[in-house]
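> I would like to see how this sequence folds:
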Amino acid sequence: GSGAQYEDGTLTISAGGIYRISGTLSDGRILVNAPNEDVTLVLNNAEITNTSGSPIYIYQAGQTVIQLADGSVNMLTDGSSYTFADAFSSAEESEPNACVYAKSDLTISGSGALTVNANYKNGITGKDTLTIDSAAVTVNAVNHGINGKDQLIINHAALTVVSGGDALRSTNDSDESLGCIAITDATLNLTAGEDGIQAETNLTISGGSCTVQTGGGSTV
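Predicted structure coming up:
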């Protein structure tokens, strides 16, 4: 449609709307640059690899939803280094630095499955509020697993995270109302080299189950 353009391995979405993504992209990305517009990406058996950056980079949007289509199996994979070679990236700011990187509010939902293989640094990073709702998400990350800087909200989701750093984190330390994690009726399996769950301010867990191994585990 008129809101999407593909060129040189990048699918750029520049207008609000619903975009259905399926198939394989062996070296490229989805770039959302739709200021103040609401964008929904429906992943339906999509496999995207980007050897030099984020497979999904939400640069500007009002709110963004990644919806996992019913019964679908989706995979996102990045390379071991990023080039920061375009106007949307910054090596100085290390931006983007995650396999899924969002500079707007991001919600991941749906009854499909998503696997994120982060070989550079982080798995999923939202610079504002990151919500994972009723989705099955697996993250394998060299550094941190899932980060919602302002807030990380997990509802009725099944998360498996293996990370070299923190598994789940929220890091905003400039506002006492932010930097928080809220988990409701979720199933968590977390294996972290550092913290399993790290909230800058408040951590709330209600219902569900949680298995956590950190720092290589305990010998006791």
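> which is the next helix or strand following the longest strand that the chain contains?
Using DSSP state E, we find that the single longest strand of the chain is strand 39-50. Along the chain past strand 39-50, the next helix or strand (assigned with DSSP states H and E) turns out to be strand 56-60.
> Give the other helices and strands that that next one contacts.
Applying 3 or more C-beta pairs under 8 Å, 6 or more residues apart in numbering; DSSP states H and E, we find strand 56-60 packed against strand 29-33, strand 39-50, strand 98-102. Using the backbone N, CA and C atoms, a C-beta is placed for each residue, glycine as well.
> and Ser14, what is it in contact with?
Ser14 makes contact with 3-5, 33-34, according to C-beta atoms under 8 Å, 6 or more residues apart in numbering.
> Enumerate the positions of stretch 173-185 that are buried.
Within stretch 173-185, the residues that qualify as buried by neighbour count (16 or more other C-beta atoms under 10 Å) are 178-183.
> Give me the three-state assignment for the residue nearest to the spatial centre of the chain.
Centroid check for the chain by C-alpha atoms, centre = their mean gives Ile124 as the closest residue, at 2.5 Å. Ile124 carries the three-state label strand when classified by DSSP: H, G, I helix; E, B strand; the rest coil.
> Might one say that it is in contact with Cys99?
Yes. If you go by C-beta atoms under 8 Å, Ile124 and Cys99 touch, sitting 6.9 Å apart.
> Which neighbours do these two have in common?
Contacts common to Ile124 and Cys99, judged by C-beta under 8 Å, 6+ apart, are Val116.
> so who does the nearest residue to Val139 once chain neighbours are set aside touch?
If the residues on either side of it in the chain are set aside, Val139 comes closest to Gly123, at 3.7 Å by C-beta to C-beta, 6 or more residues apart in numbering. By C-beta under 8 Å, 6+ apart, the contact set of Gly123 is 98-100, 116, 139-141, 144-146, 161, 163.
> before we move on, what about Leu25?
9, 11, 46-49, 55.
> ok, and for stretch 202-217, which residues are buried?
Neighbour counts over stretch 202-217 (16+ other C-beta under 10 Å) mark 208, 212, 214 as buried.
> got the residues you listed as a markdown table, with distance to Asp38, secondary structure and pLDDT columns?
Shown next, in a markdown table, are the buried residues of stretch 202-217 (distance: C-beta to C-beta, whole Å; DSSP: H, G, I helix; E, B strand; the rest coil; pLDDT from 0 to 100):
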| residue | distance to Asp38 | secondary structure | pLDDT |
| --- | --- | --- | --- |
| Gly208 | 29 | coil | 96 |
| Val212 | 35 | strand | 95 |
| Thr214 | 37 | strand | 94 |
